[in-house]
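Asker: Prediction below, plus the sequence it came from.
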Amino acid sequence: MERRQFISLSCFAGLIGLYPNILAIAAEKSGAEKGFVMTVNGKIDISAMGLTLPHEHIVTDFKGAEPATRPEYDNEATASLLLPYLKVAKKSGINTIIECTPAHIGRNVKLLQLLSKASAINIIINTGYYGAVGQKYLPRHAFTETSEELAARWLKEWESGIDGTDIRPGFIKLGVDNAPLKPVEITLIKAAAIVHLKSGLKIAIHTGNAAAALEEVELLIKSGVSPEALIWVHAQNDATGFSQVELAKKGCWISLDGINEQRDSIVQYRNHIYRMKGEGLLNKLLISHDDGFAVTEDSGKAAFKAFENGNTTPYKTIFSSLKSSLAELGITRDEFKMITVTNPANAFQIKVCPQG
């Protein structure tokens, strides 16, 4: 991330009362920009995010990047179908959902904007490509274009909007399989580095295993990107937790995604969280369900099916089951708030001005 030097304002302390906007004026002259996030409805201050789920899906299409046919659906009818689930989430206190479905796997920004406005939940969408699952969800051009060419595509979405709309992404989402990273996965990560340095968008990478996460960090560092810009998605795949601790100490965000209401899942995730507390690293932790709905076909028409990854109701288990289990381990209310409110705001905030 680009770092800028700020002029010290301590010598102006006596003038602040006379000129209340002096700090804002000085920041503007220095080229600095206050941290914000970009939602499907535009820019908001990070203080408006509130309780946040940092890795969820609303609608995902698993047919592949370029299928012969794809189920079509009406956005308004679909929004009416899915809205009750978001209203329940809102009622439980959830104020922001980070939607991690990339392009070519069902990303639909118009639908997300409808749902965001109707539910009063902030929704943040992404740019980038998903190279995991054997590269099934990569378009053909991803295998032939350079990192610079891919970055130009993603920067266009950041600068001009996605799919002909004025809706802009709030982060970069990639996917890779296990280490060693494949050439196309390396190209994607280098492209994300370019976009981050020009936009400030953070980089969330679905990662097959811990060894792949270690490779990602080295690639980003060589590209001039701080580890603090990386959100290691599915860090729970590191069963020992050793690499979670190692990369958190470097500054990476450790995202534990896939929590469900089954007892084994609750035990697994609370053990990871308790370990991070013991290491003094709760301030680098994110937790989510990785839940949502898949577009399917029924008699030639689009239908929507819950992921059924162990949750009876999407977006709920962290607050209905995990929270109380963590309290039994001594995770305080303030610590839980840090994990679910403060950390997502810090992880996804955009702090640098775009470079020309």
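Answerer: Received, thanks.

Asker: contacts, neighbours, all on C-alpha from now
Answerer: Will do.

Asker: mind showing which ranges of this structure have poor pLDDT?
Answerer: Within the chain, the ranges that satisfy pLDDT under 70 run 1-34, 352-356.

Asker: In it, what residue spans correspond to helices?
Answerer: Using DSSP state H, the helices assigned to the chain run over residues 22-30, 75-91, 109-119, 132-135, 147-160, 183-199, 210-222, 242-250, 263-278, 317, 323-328, 333-337, 343-348.

Asker: wait, which of those helices is closest to H57?
Answerer: Closest to H57 of the helices of the chain, according to CA to CA: helix 109-119, at 10.4 Å.

Asker: sorry, back to before: can you put the helices of the chain in CSV and add mean neighbour count?
Answerer: Output for these, formatted as CSV (neighbours: other CA atoms under 10 Å):
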stretch, mean neighbour count
helix 22-30, 13
helix 75-91, 15
helix 109-119, 20
helix 132-135, 16
helix 147-160, 19
helix 183-199, 23
helix 210-222, 18
helix 242-250, 18
helix 263-278, 16
helix 317, 20
helix 323-328, 15
helix 333-337, 14
helix 343-348, 24
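
Asker: Of these, give the one that comes closest to G42.
Answerer: helix 109-119 (10.1 Å).

Asker: Can you tell me what sits against that closest one?
Answerer: For helix 109-119, contacts defined as CA atoms under 8 Å, 6 or more residues apart in numbering pick out 40-41, 75-76, 78-79, 83, 86-87, 90, 121-123, 125, 162, 167.

Asker: Just the CA coordinates for it, please, in CSV.
Answerer: This file holds the C-alpha atoms of helix 109-119, laid out as CSV (Å, rounded to 0.1, in the frame of the first residue of the first chain):
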residue,chain,number,x,y,z
VAL,A,109,-24.3,-6.4,-9.2
LYS,A,110,-27.8,-5.2,-10.2
LEU,A,111,-29.4,-7.9,-8.1
LEU,A,112,-27.1,-7.0,-5.2
GLN,A,113,-28.0,-3.4,-5.4
LEU,A,114,-31.7,-4.2,-5.3
LEU,A,115,-31.2,-6.4,-2.2
SER,A,116,-29.0,-3.9,-0.5
LYS,A,117,-31.6,-1.1,-0.9
ALA,A,118,-34.5,-3.3,0.1
SER,A,119,-32.8,-4.8,3.2
